[in-house]
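Asks: Structure for the following, please:
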Amino acid sequence: MSNETPRPRATGRVTLADVAQLAGVSPITVSRALRGERAVDPALVARVKDAANKLGYVPDPAARALASRHGSHVAVLIPMLSNALFVDVLEAVQRTLRPAGFQTLIGITHYDLAEEEQLLREQLQHRPAGLLVTGLDRSDATRALIERSGVPCVHMMELSNAPGVYSVGLSQADAAAAMTRHLLERGHRRIAFAAAQLDPRTLQRLDGWRQQMARAGLHDPRLEWRNPAPSSMAVGALMFEQIVAQKPAVDAVFFCNDDLAQGALLAATRLRIAVPRRVAIAGFNDLTGSDQMLPPLTTVRTPRAEIGEAASRLLLALMRGETPKSPSLDLGYQIVVRGST
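Replies: Numbering: from 1, shown residues only. You can find the predicted model right below:
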């Protein structure tokens, strides 16, 4: 092993060859050691890492992508970061992919199909090893990009039966129908559905509510409240004030997301409207703080962290060339009954 520290190249960038020279091993051994391959002797790994640290070596992902045809990162497309649901998904994705040697390249689509298409075009230029995308609703051009790229892809949060499509999620419509049944079983009859954002999963929940209300012979279009604004506590408070002013009066409100329902509970306190005696309130997703509301919020618990982890594991299998037992994994949901209903 050479004791002389190599001089940096004219570019100032330390290369894999520089690390190999200082460690006294081949560049291939350096690459395998830094990737964490188990076949490399631990003593060699320690020597390589020590040399890399001394030189301040940082791997070049672009060079690695060119060498392997694919990079060491996974592109992840989510609608937004202001919703805690997607933060939980991302944390689970990174927690699963990082030990396997993959970094995440995150793109925020803002529920915009054109923006999603542009983000995907940009991310495919970096030759990702895999793709994790949210939902199933996208432009034909984006679908074609995914299919023609040859990059393994898993869809999160929704389920698909389409051939060649891999998905991990739950039935949004079934979950909403189950919450509606709960409210009906509690004796409520004029159950409003309040939705913001109006993204595809929200509209699937609306369909689940509609179907269950229609089966009970209680569906009334006047009980549908839709606001295209981003979901928030402030919007939920405003919608609640509008709904309780409706005649005839509603006796329950099912909000499409917990932040809306949390805002409604705060508005009910301000307006001195008894919950659930005067009107019941239910939410969706069981976000942080819902169990601390007064009264605690009844909601649909969705397994977002589990979805992020399972989708990542499915993607890892696809990137290894394995054929999963099932292309679609339904992780279900749970009705969490608390004091608001």
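Asks: Phi first, then psi, for G187.
Replies: When quoted as degrees, to the nearest 10, the phi and psi of G187 stand at phi 100, psi 0.
Asks: please renumber so the chain begins at 15
Replies: From this message on, residue numbering opens at 15, which makes the last subject G201.
Asks: Relative to Q139, how far out is it?
Replies: Counting by CB to CB, to the nearest Å, the gap between G201 and Q139 amounts to 57 Å. Heads up, the C-betas are built off the backbone N, CA and C, glycines and all.
Asks: Near A294, how many other residues are there?
Replies: 23 (other CB atoms under 10 Å).
Asks: Next one, pLDDT for P235 please.
Replies: At P235 the predicted local confidence, pLDDT, stands at 95.
Asks: now the one 5 residues further on
Replies: Per-residue confidence at R240 stands at 97 (pLDDT).
Asks: Looks like it contacts L212 (just checking).
Replies: Yes - A contact is recorded between R240 and L212 when judged using CB atoms under 8 Å, the distance being 6.1 Å.
Asks: for the protein, what helix or strand is lowest in average pLDDT?
Replies: In the chain, no helix or strand scores lower on mean pLDDT, DSSP states H and E than helix 75-82, which sits at a mean of 50.
Asks: what's E131 sitting at in phi/psi?
Replies: Taking degrees, to the nearest 10, you get phi -60, psi -40 for the backbone angles of E131.
Asks: What's the local residue count around the closest residue to it other than its chain neighbours?
Replies: Computed as CB to CB, 6 or more residues apart in numbering, the closest residue to E131 that is not its neighbour in sequence is T156, at 4.5 Å. Close neighbours of T156, defined as other CB under 10 Å, add up to 21.
Asks: give the contact list for T156.
Replies: With contact taken as CB atoms under 8 Å, 6 or more residues apart in numbering, T156 is in contact with L127, E130, E131, L134.
Asks: can you do 10 Å?
Replies: The contact partners of T156, by CB atoms under 10 Å, 6 or more residues apart in numbering, come to L91, T123, L127, A128, E130, E131, Q132, L133, L134, R135, V147.
Asks: same thing with P214?
Replies: Listed by CB under 10 Å, 6+ apart, the contact partners of P214 are P93, Y125, T148, G149, L150, D151, R152, M171, E172, Q186.
Asks: Out of those, name the two that are farthest from one another.
Replies: When those are compared pair by pair using CB to CB, the two farthest from each other are R152 and Q186, 16.5 Å apart.
Asks: of these two, who's got more company?
Replies: A count of neighbours by other CB under 10 Å puts Q186 above the other of R152 and Q186, at 26 against 20.
Asks: Tell me how many other residues surround the nearest residue to T110 once chain neighbours are set aside.
Replies: Once its chain neighbours are removed from consideration, T110 has its nearest residue in S326; the separation is 3.8 Å (CB to CB, 6+ apart). One way to gauge burial is a neighbour count; for S326, by other CB under 10 Å, it gives 28.
Asks: Strands along this structure, start to end?
Replies: Residue ranges of the strands in the chain, as given by DSSP state E, are 87-92, 117-122, 144-148, 167-171, 180-183, 205-210, 238-241, 266-269, 294-296, 313-315, 342-344, 348-350.
Asks: Now find how far off-centre the last one is within its chain.
Replies: What that stands for is strand 348-350. 20 Å (CA atoms, centre = their mean, to the nearest Å).
Asks: Can you mark which positions in that strand are buried?
Replies: For strand 348-350, burial by neighbour count (16 or more other CB atoms under 10 Å) applies to I349, V350.
Asks: Show residues contacting it.
Replies: Residues from elsewhere that reach strand 348-350, judged by CB under 10 Å, 6+ apart: 189, 192-193, 195-196, 296-297, 300, 304-305, 310-317, 355.
Asks: shared neighbours, R240 and L212?
Replies: Common neighbours of R240 and L212, counting by CB under 10 Å, 6+ apart, are L220, C270.
Asks: just to revisit the earlier point, which among the contacts of T156 end up buried?
Replies: Judged by neighbour count, with 16+ other CB under 10 Å as the criterion, the buried members of these are L91, T123, E130, E131, L133, L134, V147.
Asks: Export these to JSON lines and append columns for pLDDT and distance to T43.
Replies: Below are the buried ones among the contacts of T156 laid out as JSON lines (pLDDT from 0 to 100; distance: CB to CB, whole Å):
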{"residue": "L91", "pLDDT": "97", "distance to T43": "36"}
{"residue": "T123", "pLDDT": "95", "distance to T43": "41"}
{"residue": "E130", "pLDDT": "96", "distance to T43": "41"}
{"residue": "E131", "pLDDT": "95", "distance to T43": "42"}
{"residue": "L133", "pLDDT": "94", "distance to T43": "37"}
{"residue": "L134", "pLDDT": "93", "distance to T43": "36"}
{"residue": "V147", "pLDDT": "98", "distance to T43": "36"}
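Asks: Done for today, thanks.
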